[in-house]
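Give me a model of this one.
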Amino acid sequence: MRTLLAVLLLLPQEDAAIRDLIRNLDSDSLDVRSSAEAALAKMGKAAVPLLEDALKGASAEARGRIERILRTIADREKRASAVPAGTRVTLRAVDRPVLEVLEELQRRSGTPLELGKVPSDLKVTVSLENVCFWDALDEVCRATGQMVFQPKDLAVALAKKRYAARPRFVSGPFAVLLQEINSTISGTFGRAGDRRTKIQFVLCWEKGGRPDRIGARPIEIRDDRGTDLLDPKIPGLQPYFASVEEDRLSQGQHLYLGNVPAEEATKLARLKFELSCEFTLKYAEVMIEKPEGKSRTDLSCDKFSLTFQSCKRLGDVVRADFLFATTEGKPWLQPVRGRAKDKEGKEYAGGVQTNVPVGNASLIYMDFKVPGSTELAELRISVPAEVHTERIVVDLKDVPLR
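Predicted coordinates for the structure are as follows:
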């Protein structure tokens, strides 16, 4: 009862504070106006009703700020619905079996760990204070001196192996692990050849943090001799996106650069690039009922049009092929998703096998793994209609080349 009364007493006070801040949006002082805008944005959803009411009679200055605050709050809510915050770990262990510590990390994060190769008699002493899951996992491995972890498709594998620190970058539920740097110079005797550097890395995420697509774009990459590895004359400075399969916990990516380090270089003084992780908030879709054996059908929605051509069974695989065109152009770059459902309501995910430009459209072959005796009731084809893009700027220094 006392708790409820405290809440009821707090609400009018909070409303009064919000109204005071809204009035400050019209202050003669720029500092007061800016401070009020920041405070209202920080309040989040609680401030939205009064902000919307204040729009009606607001001055041009206040209206602009209120609209900006509402956009900020809306964007923050969308991000929260798409991207998990990531697990923070506080844990202390003294001469405790490392298997128990790893099981505790797995329980807190929900991210599956492969622990079959962890020695049952290996012990660890470690102190973790509010650190990210990936940093906690690495610190446990470092503290043993003889454990390493490696992200795989569906789990994070741990094994007994001499620990060695490796370049990584952690942001919330995500971790970027550098894998390899390869440089090549190709050409014939007496003629300059192509100079290329390939940087391979893995982006991994905690359970529930899977993006739908990932793109990478270099920002600044130079060696310790001052050589710039970026060549603006070659393509690749815009992110190239790759789709991520369902249930995965990691995906390998790479950067291609138009130059190679100097012969005397031993490390990259700066390795800075941006990852764009796309999370779909809403899909636009069309549905084909009883697709197997169905003849040519034209379908459309506000984002794309589709000419369904056929749906044939190849053993335990059902292959659908269709022409796909979008209102935004370049349909072959769109992340097309397929879902099939049988009469019992079981769903089957489709995998794009072919995506070939045909004029202004794209010819797509999509396979669904469906048992031979199962008849499909419907097939849905969709593309993202609303997307949140989480940008991660990876900034590493003094990265060894060898």
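
And the strands in the stretch 301-402 of the chain?
304-314, 317-326, 337-342, 347-358, 361-369, 376-400 (DSSP state E, counting those that start in this stretch).

Likewise for the stretch 51-200 of the chain?
88-97, 113-117, 123-132, 147-151, 156-160, 168-171, 174-186, 194-205.

quick one on the thing from earlier: and of the strands of the stretch 301-402 of the chain, who's closest to residue 23?
Residue 23 lies closest to strand 376-400 among those, at 32.8 Å (C-beta to C-beta). The way it works is simple: take the backbone N, C-alpha and C, and place the C-beta from them, glycine included.

quick one: buried residues of the closest one?
For strand 376-400, burial by neighbour count (16 or more other C-beta atoms under 10 Å) applies to 376-377, 379-384, 388, 390, 392, 394, 396, 399.

Listing partners with orientation, what would you give for it?
strand 267-289 (antiparallel), strand 337-342 (antiparallel) (DSSP bridges).

what distance separates that strand from the centre of its chain?
5 Å (C-alpha atoms, centre = their mean, to the nearest Å).

mind starting the numbering at 779 from now?
Understood, numbering begins at 779; the last thing we discussed is strand 1154-1178.

okay, and for the stretch 879-1028 of the chain, where does confidence drop off?
In the predicted model of the stretch 879-1028 of the chain, residues 965-971, 1010-1017 satisfy pLDDT under 70.

rerun at 80
In the predicted model, the stretch 879-1028 of the chain carries pLDDT under 80 at residues 963-973, 1009-1018.

Okay, domains of the protein per the record?
780-859, 866-943, 952-963+971-1059+1168-1178, 1060-1163 (automatic domain parsing).

Pull the contacting residues for residue 949.
residue 1170 (C-beta atoms under 8 Å, 6 or more residues apart in numbering).

Recalculate using a threshold of 10 Å.
Applying C-beta atoms under 10 Å, 6 or more residues apart in numbering, one finds that residue 949 lies in contact with 864, 910, 912, 1053, 1055, 1168-1172.

Switch those residues over to a markdown table; also include distance to residue 826.
Converted to a markdown table, the contacts of residue 949 look like this (distance: C-beta to C-beta, whole Å):
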| residue | distance to residue 826 |
| --- | --- |
| 864 | 26 |
| 910 | 31 |
| 912 | 34 |
| 1053 | 31 |
| 1055 | 27 |
| 1168 | 23 |
| 1169 | 25 |
| 1170 | 28 |
| 1171 | 30 |
| 1172 | 34 |
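
nearest to residue 988, of these?
Nearest to residue 988 among those, with distances taken as C-beta to C-beta, is residue 1055, at 9.2 Å.

Now that closest one. Nearest residue, chain neighbours left out?
Residue nearest to residue 1055 in three dimensions, not counting chain neighbours: residue 989, with 3.8 Å by C-beta to C-beta, 6 or more residues apart in numbering.

pretty sure the one you found is in a helix, no?
No. Read with DSSP: H, G, I helix; E, B strand; the rest coil, residue 989 is coil and lies in no helix.

Contact partners for residue 1084?
1063-1064, 1066, 1075-1078, 1100-1104, 1109, 1114, 1139, 1142, 1159, 1161.

which phi and psi does the closest residue to it other than its chain neighbours have?
Taking C-beta to C-beta, 6+ apart, and ignoring the residues beside it in sequence, residue 1084 has residue 1077 as its nearest neighbour in space, at 4.9 Å. When read as degrees, to the nearest 10, the backbone of residue 1077 gives phi -140, psi 160.

What's the local residue count around residue 1077?
15 (other C-beta atoms under 10 Å).

ok, it to residue 1096 distance?
According to C-beta to C-beta, to the nearest Å, residue 1077 stands 18 Å off from residue 1096.

List the contacts of the residue nearest to residue 1055.
860-861, 952, 981, 983, 1021-1022, 1026, 1029, 1053-1058, 1166-1168.

and it, how far is that from residue 872?
Taken as C-beta to C-beta, the span from residue 989 to residue 872 is 38 Å.

what about the strands of the stretch 1079-1180 of the chain, which gets the closest to residue 946?
Ranked by C-beta to C-beta, the member of those that lies closest to residue 946 is strand 1154-1178, at 8.3 Å.

The nearest residue to residue 1105 once chain neighbours are set aside and residue 1102, how far apart?
Nearest in space to residue 1105, with sequence neighbours left out and distances taken as C-beta to C-beta, 6+ apart, is residue 1081 at 6.1 Å. According to C-beta to C-beta, residue 1081 stands 11 Å off from residue 1102.

where exactly do the helices run in the stretch 779-928 of the chain?
780-802, 808-821, 826-832, 838-860, 876-887, 911-922 (DSSP state H, counting those that start in this stretch).

Can you spell out which helices and strands pack onto the last one?
This points to helix 911-922. Judged by 3 or more C-beta pairs under 10 Å, 6 or more residues apart in numbering; DSSP states H and E, the packing partners of helix 911-922 are strand 866-875, helix 876-887, strand 901-910, strand 925-929, strand 934-938, strand 946-949, strand 952-964, strand 972-983.
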